[in-house]
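Trainee: quick one: sequence and predicted model below, then my questions.
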Amino acid sequence: MALTAVIPNLSFASPLARLAPALMLAGTVACGGSHAPEAAPAPAPTAPLPTAGLAGQKVVVYPLTLVAADERLRWDSVLTPRRGALDHADSLLAETLTGRAPEVTWVLPPALRQVARRTAPVTTSPDQTPTSLLRSPGLKQLPDPLWSQMRNLVAVAGERYALVPASLLFVPAPGGSGGRAELTLVLADVRTGAVAWRTVANAVAGDPWTGLTRALKALTPWLP
């Protein structure tokens with residue numbers, strides 16, 4: 001059964017119209033003084049995870065492969081090394097999914113990597129799968145070879161759905177109030193190749209990990 005048939009509220013989670021650039025230019029200088037840098041426009045409100053239609057199913061969770069911060073935030077030291085930042089973001093997402101949406105059986109990145117190693121070369125490592133392509137807000141269908149790579153791995157590790165953190169960006173917040181974490185999440189039906197749900201979980205904070213934690217909490221607004 002297609003996800004749209006079992007999750008009636010998917011229609012409100014329409015694809016977002018923008019994606020903040022990973023690195024933005026510094027503020028312009030005029031009349032001998034510098035203007036305050038403009039903050040990127042805020043994305044739409046975070047759409048809740050469609051857990052009702054996924055309850056009882058085994059859903060594969062891909063690892064994050066793209067993280068970037070606007071240089072004006074000066075958060076490079078916190079996000080370095082890159083591998084450590086990716087792993088920490090994955091761990092925060094895993095805590096959110098297992099702790100706040102336990103009705104779904106989540107196959108998390110460590111388990112997914114084990115399956116990929118065991119079934120290589122038939123399957124592709126999730127860390128080498130170009131899932132960052134899914135950050136494009138207008139993408140409705142998984143492109144090949146991404147579709148075939150995901151279909152092969154999900155077939156042995158899960159059932160039919162994959163939750164993909166396509167990108168994690170940090171951009172300046174309005175009024176110089178820190179930065180905004182923007183995590184693009186996509187739920188894909190690997191049998192049909194359709195992008196069934198998408199959102200940009202976002203929140204403002206004074207450091208990247210507090211921002212991401214707040215953004216992830218917004219995925220389950222029915223919980224405190």
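Mentor: Yep, it's here. Residues are numbered from 1 along each chain as shown.

Trainee: neighbours around residue 215, how many?
Mentor: As a burial measure, residue 215 scores 25 neighbours (other C-beta atoms under 10 Å). (Each C-beta comes from the backbone N, C-alpha and C, glycine too.)

Trainee: reduced to three states, what does it come out as?
Mentor: With DSSP: H, G, I helix; E, B strand; the rest coil as the basis, residue 215 sits in helix.

Trainee: that one and residue 127: what is the separation?
Mentor: From residue 215 across to residue 127, the span is 22 Å (C-beta to C-beta, to the nearest Å).

Trainee: Three-state assignment for the spatially most central residue of the chain, please.
Mentor: Geometric centre of the chain, nearest residue: residue 165, 2.6 Å, by C-alpha atoms, centre = their mean. Of the three states, residue 165 takes strand under three-state DSSP.

Trainee: wait, it touches residue 181, no?
Mentor: No - the criterion here is C-beta atoms under 8 Å, and residue 165 misses it with residue 181 at 11.7 Å.

Trainee: hang on, residue 46 packs against residue 217?
Mentor: No - counting by C-beta under 8 Å, residue 46 does not reach residue 217; the two are 9.2 Å apart.

Trainee: what's near enough to touch residue 107?
Mentor: 58-61, 115, 157-158 (C-beta atoms under 8 Å, 6 or more residues apart in numbering).

Trainee: try it again with 7 Å
Mentor: Applying C-beta atoms under 7 Å, 6 or more residues apart in numbering to residue 107 gives the contacts 58-61, 157-158.

Trainee: do residue 143 as well
Mentor: Neighbours of residue 143 in contact, by C-beta under 7 Å, 6+ apart: residue 133.

Trainee: that one looks like it's in a helix, true?
Mentor: No - Residue 143 is assigned coil when assessed by three-state DSSP, not a helix.

Trainee: that one and residue 155, how far apart?
Mentor: Following C-beta to C-beta, the distance that separates residue 143 from residue 155 is 18 Å.

Trainee: could you find the closest non-adjacent residue to residue 130?
Mentor: Sequence neighbours aside, residue 146 is the residue nearest to residue 130 in space, at 5.6 Å (criterion: C-beta to C-beta, 6 or more residues apart in numbering).

Trainee: can you show me the CA trace of stretch 116-126 as PDB?
Mentor: The C-alpha coordinates for stretch 116-126 follow below in PDB (Å, rounded to 0.1, in the frame of the first residue of the first chain):
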ATOM      1  CA  ALA A 116      25.600  -2.900   3.500                       C
ATOM      2  CA  ARG A 117      29.000  -4.400   4.400                       C
ATOM      3  CA  ARG A 118      27.500  -7.900   4.700                       C
ATOM      4  CA  THR A 119      25.700  -7.700   1.300                       C
ATOM      5  CA  ALA A 120      28.400  -5.800  -0.700                       C
ATOM      6  CA  PRO A 121      28.900  -5.500  -3.600                       C
ATOM      7  CA  VAL A 122      25.100  -6.000  -4.200                       C
ATOM      8  CA  THR A 123      24.400  -3.000  -2.000                       C
ATOM      9  CA  THR A 124      26.000   0.400  -1.800                       C
ATOM     10  CA  SER A 125      27.400   1.800   1.500                       C
ATOM     11  CA  PRO A 126      24.900   4.400   2.800                       C
END
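
Trainee: how about the helices in the protein?
Mentor: Taking DSSP state H as the test, the helices found in the chain are 3-6, 82-100, 109-119, 146-157, 208-217.
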